[in-house]
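Asker: Give me the fold of what follows.
(2 chains)
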Amino acid sequence: MEDNSIYRDLFFEETDENLIILNQEVLNLEQQPEDKGIIDSIFRAAHTLKGMAATMGFTTMASLTHAVENVFELVKQEKLGVDTHLISLIFETLDTLTDIVEHIRDDSEEDVEISSLVSRLEAVSNQTEGELTVNESKAKKQDTFTYDFPHLEVSDYVAIESATSSGYTLFQIGVKVDEDSMMKAARAFLVISKLEQLGDFVQMKPSAEELEQGNIDDSFALYLVSKESKEDILEAVDGSSEISEVWIEAVTDAQSVKQSSDLEASETIEKVESKASATTQTGRSASRQTIRVDLTRLDQFMNLVSELVIHRTRLEDLSHKNNVVELNEPLTQVERITSELQELVLQLRMQPFNVVVQRFPRMMRDLTNELGKDIQFLTEGEDTELDRTVISEIGEPLIHLLRNAADHGIEMPDEREKAGKPRTGTIKLSAYAEGNRVIVSIVDDGKGLNPRFIEESAKRKGISTEGMTDEQIQQLIFHPGFSTAASVTGISGRGVGMDAVKEKIASLNGTIETTSEVGTGTTFRITLPLTLSIIQSLLVTVGEHTFAIPQAVIDKVNRFEETEAISVHHKEVYLYEGKTIPLIRVADVLNTPSSEDSLKHIIVVLIGDNYYGLIVDDLIQQKEIVIKKLGKELNSVPHFLGSTILGDGGIALILDVTSICTRKKVTVHE
Amino acid sequence: MSKRVLIVDDAAFMRIKLKDILEKNGYEVVAEAQNGNEAVEKYKEVNPDVVTMDITMPEKDGVEALKEIKAFDKDAIVLMCSAMGQQTMVMDAIRAGAMDFIVKPFDTERVIKALDKAVS
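Answerer: As a prediction, the model looks like this:
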């Protein structure tokens, strides 16, 4: 095993990838049990896994994948039908495989018990094998007919006759390429180029042109006139690998061929159809081609670009101050290139939401079965891209929310029917971008969060609900150590509460809120930052300090006169486009004196669906800034996203506008 | 006597992997080359029983090298090593007289089968 250690990383990467494919495709197969493309893809993935495991010397894994492969071999040959029982067995196998892989990853022995699973898989294979022996003779006969021989034209018969009369023999040759062979067309081409040296082709199917374009199923068929014997032809072709069968027969009566080729016309149509689906399959996998990059290198790249941006800014500043005109042109170039670099590195860090989502359908399926409920799980916006840090961290809270929705949200089918709802409940997970944030929502049409239950439970736990509205009571589910489940089931309520979910999301600079209506359903709305590193910002001053405001939230910037502040219910508001919006004096919030004499500006920001007006002193400029996180020591200081280094080497704090604008709500809650 | 193999591949990793597979299965790797030019030189020098030839290589690609080797020795047994998606190149190689081809990533069983067949 030691010699293989250098391939370990690659092995794990590819194994993980293939396991994901398997889980996904088996799930698809349950929906479309007849789909050849899906079956092929499952077979391929299982085969790849087996090959890799065997190469690495992981025998347990190899024998288990081998058993799965056998089962799918039968499915592929349509000797075994796909039913829920089979799907569940396969899923169980996949889980065991995942366990084995984890064991290997941890360098522990491959001590997962698989014998019962293997024997169950073998039972499935053998069961059909039994039937097979009965029909064997019939099946064999059918084999010969799977070759799709080309049609012979009248001119062909003329040529055949003249050839046979001068000592040539007409051969009907069918060749099957290994089903899992890659580049089947090239395999076929190899055999054909060998045959070509032995005689002349009369007709070939698929045609030479089709072959060159790569259009071929697992087999091809042709007519060859040759002076060689059947054995010599067989031997010539036998030297090629990955050919599973060569069927060859000398034809004595050319006319008999004519009839049989007519008979096969109906089969041809089917073949064409399956070929079409196979082509789309390859098209799909080709578009997925990517290069793997070590994540730490990507982070390093990101950091270097950030540094570069800082120094570019400093250079610009110096050139400006010293009025070095010659520097302007190269600086513009540097600016353009660094901007492109920045954009690129940001894109590199982005991953589609799908990376997280892809494992959920399987989980929801299992949950549905386990709970005995009818649940339809929908996803939307899988293409939405998020920073990879967010992607890698968001899975856990989402799983928790989804489990909760399935377990506590959706009612039992009978209960739903009584309530006048469809028996099948729906849980929808969607993601979409909104400004520089991404919104992830989980919506279920279950029984909703009943404020009375929550209230009662809160009282039992000694949490006061005095003077709270129903909405506020519903938010209590995020309170530390709160669980609404009457009984702790195996699915949710394992002690990790919603407060953990909230905390996790907060650590990603995100927020979570819930709206729920009793009897109708519950919505969780998670707001996440799109990226965590470089942003466009507006630099402003308040008193003697410089602050940066993320551009993405800014709707409008205006001059501000004190007379424009209107006082309503002891609160200051501002008239913006015919609506009154809350006025927030940044100097007051941050407890820093504002300069008395300078002109004031109002920055109108949009947070969620609400506008707020922020009052600052002066505007400096628009600038791209690199967010440097504040150290852990400053974690408890609110209202700042981080800091950034300015061109002159000074430091500006970046305002967390969301926190500043919603700060009052927070104080009411706590 | 074990068959003598010349491995041609520009990636050291692939050469090591292939060498490992071959030597474990009773083949003797007599030379390695990392581009087409080297391949032709080494072929003339060591006269191997069989050559495994990568297709995409710097300086001179595998198909060109195959043609030159075939011109030098028309009975040369050359197996092409191709990555997925190089079908056209593989077909060119077959036209130029390649005996067989193996597709990367290498599957031990397939590699050995192809070689066994090629040298038999």
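Asker: Quick one: name the residues of chain A near chain B.
Answerer: A:3, A:7, A:51, A:54-55, A:181-183, A:185-186, A:189-190, A:193, A:212, A:214, A:238-242, A:286 (Cβ under 8 Å from any Cβ of the partner chain). Placement of C-beta: from N, CA and C, glycine included.
Asker: of these, buried ones?
Answerer: A:7, A:51, A:54-55, A:181-183, A:185-186, A:189-190, A:214, A:239-242 (16 or more other Cβ atoms under 10 Å in any protein chain shown).
Asker: what's the closest residue to chain A within chain B in contact with, if anything?
Answerer: As assessed by Cβ to the nearest Cβ, chain A sits closest to B:A114 within chain B, at 3.7 Å. B:A114 makes contact with A:S241, A:E242, B:L79, B:D100, B:F101, B:I102 under the criterion Cβ atoms under 8 Å, 6 or more residues apart in numbering or on different chains.
Asker: domains of chain A?
Answerer: Split into domains by automatic domain parsing, chain A comes to A:2-134, A:143-270, A:295-351, A:353-529, A:534-669.
Asker: will you turn these into CSV that also has mean pLDDT?
Answerer: Listed next are the domains of chain A as CSV, based on pLDDT from 0 to 100:
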stretch, mean pLDDT
domain A:2-134, 78
domain A:143-270, 73
domain A:295-351, 81
domain A:353-529, 82
domain A:534-669, 81
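Asker: could I get these as JSON lines with distance to B:L6?
Answerer: Listed next are the domains of chain A as JSON lines, based on distance: least, Cβ to Cβ, whole Å:
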{"stretch": "domain A:2-134", "distance to B:L6": "22"}
{"stretch": "domain A:143-270", "distance to B:L6": "19"}
{"stretch": "domain A:295-351", "distance to B:L6": "35"}
{"stretch": "domain A:353-529", "distance to B:L6": "43"}
{"stretch": "domain A:534-669", "distance to B:L6": "51"}
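Asker: hmm, back to that, quickly note the distance from the residue of chain B closest to chain A to A:K194.
Answerer: Using Cβ to Cβ, to the nearest Å, B:A114 is found at 14 Å from A:K194.
Asker: Over to A:I310?
Answerer: For A:I310 relative to A:K194 (Cβ to Cβ), the value is 65 Å.
Asker: Any part of the host helix or strand of B:L6 near chain A?
Answerer: For B:L6, the host element (DSSP states H and E) is strand B:4-8. No - shown here: strand B:4-8 not in contact with chain A (Cβ under 8 Å from any Cβ), separated by at least 15.6 Å.
Asker: Can I get that strand in CSV, CA atoms only?
Answerer: Only the C-alpha atoms of strand B:4-8 are listed here, as CSV (Å, rounded to 0.1, in the frame of the first residue of the first chain):
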residue,chain,number,x,y,z
ARG,B,4,11.1,-4.8,-22.9
VAL,B,5,9.1,-1.6,-22.8
LEU,B,6,9.9,2.0,-23.7
ILE,B,7,7.6,4.4,-21.8
VAL,B,8,7.0,7.8,-23.4
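Asker: Sheet partners, orientation included, of it?
Answerer: Strand pairing for strand B:4-8, determined by DSSP bridges: strand B:28-33 (parallel), strand B:50-54 (parallel).
Asker: Roughly how far does A:E382 sit from A:Q358?
Answerer: Counting by Cβ to Cβ, the gap from A:E382 to A:Q358 is 8 Å.
Asker: And B:D116, by the same measure?
Answerer: 41 Å.
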